[in-house]
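A.B. asks: When you get a sec, could you give me coordinates for this:
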Amino acid sequence: MKIAFPRDASSASLLELAGTANSDVLFIGDPRVNIEPGERMFERMSQVMRETGAGWVYSDSVGHQRIDYRPGSIRDNFDFGPVIAVRVKAIAGLSESRWGGLYDLRLRISEKESIVRIPEPLYAASVSDSRRSGEKQFDYVDPKNREHQLEMESIATDHLKRVGAWLEPRFDPVPPPAERYPVQASVVIPVRNRERTIRDAVESALDQKTAFDFNVIVVDNHSTDPTTEILRGLGDARLVHIVPDRRDLGIGGCWNAAIYSSYCGRYAVQLDSDDLYVNDQVLSRIVGELEGGPYAMVIASYTMVDFSLNQIPPGLIDHREWTRENGRNNALRINGLGAPRAFDTSVLRPIGFANVSYGEDYAVALRISRDYEIGRIYDSVYLCRRWEGNTDSALPLDMVNRYDSYKDWIRTVEIEARQRKNAG
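C.D. replies: Numbers count the residues shown, from 1 in each chain. I've put the predicted structure just below:
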């Protein structure tokens, strides 16, 4: 047995490999990676494929643990490692693709057979991408990857249609509010230990010029640095400083503390404690967009900057891959929908946020998009600071795995819910 290396990621390349296979199992390797098979790697992967009936098998490698595959693992950057085993017969039905051959193959196999991880280090491999987690997460919105992303979207869309989870561009009307609100809008800022940035963020919100009343709700999650003292010293009646009674809140739990409070406005608008609005008209523009739809949620665009607010690559993050026709379907393939996010509070309250600090916003956006149209603003209204204090700037592998696994679970729940919605 040996590893076969495709010349590129196209479907034609995979078909060529299948044509030269001398058994019913094909071992496909990443030609960019130096792979050292373990003593019984081929035998072990073949054995598991036979005994489980799997159509696709992958494994851990030395020093690199991976996560299990589930129905919601449909993102095209799932980490299978540089060696996989597939059944040769599965390759025959691939559509023509330039970059998405393996992606298409994987999704098609998952519809009929299982995809199985072996939690054993069956080989050693060099690192194929040495960038930190915070540097890789925006690859899919880089303009130079646009054609690649369109092809991946098409493959994912076809998969969702085949499994009955694709939603047509028909949306429920946003219901009128069933209660009165103290202000028209609330800027919500969860924070913990951001003494270097919290004043900038809050003042950016308080400086907004609007024709309506608004407040700024800062949920201070028991900061142990001077953050709390800074907030207490700002002295603006529009600033609502909440310190929760509980000490087990993640970012989602802090959002819940804001939106379920008596201070929350008709609309709840995000601002992270590291970041700033680009000018004093942002809140008016976002609320105008929410009202103009009317939309249950609006997602705008932002610019990546360093701590000193100098623009850094990739610059503008506008998520133009979102379209009215297919955005809520393509959202199941990618890892995020953009920022800042703003919500109709009357729609948001029945849903609420998961009490976690990663993926809570993604889960809410998927849930809202299942029923309602999401409005978009494609020019930058927000400066997103990337600095050493960011929680996702350089995540260790076990945390990357935990976060990816959680988002795959979110997608799994959402796919099943959409299948039930379509089934009536």
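
A.B. asks: Only C-alpha atoms from now on, for both contacts and neighbour counts.
C.D. replies: Will do.

A.B. asks: so how far is the helix or strand where Ala156 lies from its chain's centroid?
C.D. replies: Here Ala156 sits within helix 146-162, counting by DSSP states H and E. Averaged C-alpha coordinates place helix 146-162 at 16 Å from its chain's average position (C-alpha atoms, centre = their mean, to the nearest Å).

A.B. asks: same check, this time on stretch 182-192
C.D. replies: Centre-to-centre, stretch 182-192 and its host chain are 23 Å apart (C-alpha atoms, centre = their mean).

A.B. asks: Pull out the CA atoms of that stretch and give them to me as PDB.
C.D. replies: Only the C-alpha atoms of stretch 182-192 are listed here, as PDB (Å, rounded to 0.1, in the frame of the first residue of the first chain):
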ATOM      1  CA  PRO A 182     -36.900  52.500  27.800                       C
ATOM      2  CA  VAL A 183     -34.900  53.700  24.800                       C
ATOM      3  CA  GLN A 184     -34.800  53.000  21.100                       C
ATOM      4  CA  ALA A 185     -31.400  51.400  21.100                       C
ATOM      5  CA  SER A 186     -28.800  50.000  23.400                       C
ATOM      6  CA  VAL A 187     -25.100  49.500  22.600                       C
ATOM      7  CA  VAL A 188     -24.100  46.300  24.400                       C
ATOM      8  CA  ILE A 189     -20.500  45.900  25.500                       C
ATOM      9  CA  PRO A 190     -19.500  42.800  27.500                       C
ATOM     10  CA  VAL A 191     -16.100  43.300  29.200                       C
ATOM     11  CA  ARG A 192     -13.600  41.700  31.400                       C
END
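
A.B. asks: Look up phi and psi at Arg32.
C.D. replies: phi -90, psi -10 (degrees, to the nearest 10).

A.B. asks: when you give positions from now on, start the count at 16
C.D. replies: With 16 as the first residue, the last one maps to Arg47.

A.B. asks: mind listing what the residue lying closest to Ile430 once chain neighbours are set aside touches?
C.D. replies: Counting by C-alpha to C-alpha, 6 or more residues apart in numbering, the nearest residue to Ile430 once its immediate chain neighbours are dropped is Ala180, at 5.7 Å. Contacts here follow C-alpha atoms under 8 Å, 6 or more residues apart in numbering; on that basis Ala180 touches 430-431, 433-434, 437.

A.B. asks: Turn those residues into JSON lines, columns for distance to Ile50, pLDDT and neighbour count.
C.D. replies: Formatted as JSON lines, the contacts of Ala180 follow (distance: C-alpha to C-alpha, whole Å; pLDDT from 0 to 100; neighbours: other C-alpha atoms under 10 Å):
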{"residue": "Ile430", "distance to Ile50": "35", "pLDDT": "98", "neighbour count": "23"}
{"residue": "Glu431", "distance to Ile50": "37", "pLDDT": "98", "neighbour count": "16"}
{"residue": "Arg433", "distance to Ile50": "40", "pLDDT": "98", "neighbour count": "20"}
{"residue": "Gln434", "distance to Ile50": "40", "pLDDT": "98", "neighbour count": "18"}
{"residue": "Asn437", "distance to Ile50": "44", "pLDDT": "98", "neighbour count": "13"}
